[in-house]
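Asks: sequence first, predicted coordinates after that:
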Amino acid sequence: MSIFAMPSKKSRKNISSKIVDQNGDKQTTPRTAKIVLFVFGVGPLILMCLFLFSNGFFNSP
């Protein structure tokens, strides 16, 4: 037997084919994904900019 011999493959059951979506009505659509990205991605950036503008962060001394 060689040092570089491949280990014997054990039989694996195909688990992924048995997983079925129990809640068929919950689907991620591109529209909801865009809304979530906007709310949690761009939303905080806009809020931070508004906060800094209101406190005079961008005004020159």
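Replies: Arrived safely.
Asks: poorly predicted segments of the chain, please.
Replies: 1-2, 4-25 (pLDDT under 70).
Asks: now do the SS call for residue 51.
Replies: Here residue 51 is recorded as helix under DSSP: H, G, I helix; E, B strand; the rest coil.
Asks: and it, how far is that from residue 28?
Replies: Remark: distance between residue 51 and residue 28 (Cβ to Cβ, to the nearest Å) = 31 Å. (C-beta placed from N, C-alpha, C; glycine too.)
Asks: against which helices or strands is the host helix or strand of residue 47 packed?
Replies: Using DSSP states H and E, residue 47 falls within helix 43-54. Packing contacts for helix 43-54, counted by 3 or more Cβ pairs under 8 Å, 6 or more residues apart in numbering; DSSP states H and E, involve no helix or strand.
Asks: what's it in contact with?
Replies: For helix 43-54, the external contacting residues (Cβ atoms under 8 Å, 6 or more residues apart in numbering) are residue 58.
Asks: for residue 3, give me its contacts.
Replies: By Cβ under 8 Å, 6+ apart, no residues touch residue 3.
Asks: measure it to residue 41 for me?
Replies: 51 Å.
Asks: next, the angle from the host helix or strand of residue 33 to helix 43-54.
Replies: Taking DSSP H and E as the definition, one finds residue 33 inside helix 30-37. With axes from the mean of the first three to the mean of the last three Cα atoms, to 10 degrees defining the directions, helix 30-37 sits at 40 degrees from helix 43-54.
Asks: just the buried residues of helix 30-37, please?
Replies: By 16 or more other Cβ atoms under 10 Å, helix 30-37 has no buried positions at all.
Asks: number of residues surrounding residue 51?
Replies: A count of neighbours around residue 51, defined by other Cβ atoms under 10 Å, yields 10.
Asks: from residue 45, how far off is it?
Replies: 11 Å.
Asks: how about residue 3?
Replies: In this view, residue 3 and residue 45 are 55 Å apart by Cβ to Cβ.
Asks: before I go, just wanted to say thanks for your time.
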